[in-house]
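Trainee: have a look at this prediction, sequence included:
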Amino acid sequence: MWDILLVTGRPDIMAPFADSLAASADVNLAAAGSAAAALEKARLAPPQLAIIDRFLPDMSPLGLVMELLQISAMINTVVVSAMSDEAFHEASEGLGVMGKLPDPPGPGEGSNLLDRLRAMLNPG
């Protein structure tokens with residue numbers, strides 16, 4: 001079972017993407033509407049993956065990545081971003097972010113992300 005935390009202040013916009021993740025039988029999808037809520041959930045039970053939207057009410061997405069790393073360096077992260085690949089790479093360098101998703105991500109990005117996560121955490 002994959003524990004995934006979706007952190008977004010835009011649940012309606014992110015719903016098709018979230019639904020694609022939740023449809024997988026091996027995914028336990030939790031949601032948090034703010035960075036503070038995400039940090040609280042991560043302290044109680046660190047997810048294997050945190051998907052962080054670019055619009056949060058209380059912290060920048062990369063700021064949240066840094067805070068999650070303080071809780072557990074084993075939490076994989078992906079950020080929804082409108083930045084170019086180059087700008088995102090520069091901004092997130094050294095944080096171990098798996099990558100970025102387009103804004104907004106669609107159902108196809110959900111299945112691709114799960115495939116990447118499974119390959120990364122279950123090699124061979």
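Mentor: Structure received.

Trainee: where does the protein have low pLDDT?
Mentor: Residue ranges of the chain with pLDDT under 70: 123-124.

Trainee: ok, longest helix in it?
Mentor: In the chain, taking DSSP state H as the definition, the longest helix is helix 107-121.

Trainee: tell me the spacing between the nearest residue to R10 once chain neighbours are set aside and T8.
Mentor: Excluding the flanking residues, the one nearest R10 by C-beta to C-beta, 6 or more residues apart in numbering is F55, at 5.6 Å. C-beta here means a position set from N, CA and C on the backbone, and glycine is covered the same way. Going from F55 to T8 by C-beta to C-beta, to the nearest Å gives 7 Å.

Trainee: which one of those two has more residues nearby?
Mentor: T8 (24 against 14; other C-beta atoms under 10 Å).

Trainee: returning to that earlier point: show me what contacts the residue nearest to R10?
Mentor: Applying C-beta atoms under 8 Å, 6 or more residues apart in numbering to F55 gives the contacts 8-10.
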